[in-house]
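1. next input, structure requested:
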Amino acid sequence: MAGFFVLSTNLIGLALGPTSVALASDYIFESTQAVGSSLALVGATVLPMAVLLLWRGLSAISSEAES
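-> Numbering: from 1, shown residues only. You can find the predicted model right below:
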């Protein structure tokens, strides 16, 4: 199960992270100089989702750690 978690985290992070920053830079800010703003926007939108997913999975993580 841990291997699946690492694989999925790496695939999502390495595939969607840079792509979403580039898409935000090109289509939302319409400037190649707005990489910092794109990073901030992507971080601000992805962080709440990550916190929600970790919070929902916390019970499974703690029960797995106890056994």
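2. give me the element the residue nearest in space to the middle of the chain is part of.
-> Among the residues of the chain, the one closest to the centroid is residue 46, at 5.2 Å (CA atoms, centre = their mean). Residue 46 is part of helix 35-66, with elements assigned from DSSP states H and E.
3. buried set for the helix or strand containing residue 19?
-> Assigned by DSSP H and E, residue 19 belongs to helix 2-23. Buried residues in helix 2-23, counted by 16 or more other CB atoms under 10 Å: 20, 21. For glycine as for every other residue, the C-beta is placed from the backbone atoms N, C-alpha and C.
4. tell me what angle it forms with helix 35-66.
-> For helix 2-23 against helix 35-66, the angle by axes from the mean of the first three to the mean of the last three CA atoms, to 10 degrees is 170 degrees.
5. for helix 2-23, the averaged confidence score.
-> Mean pLDDT, computed over helix 2-23, is 89.
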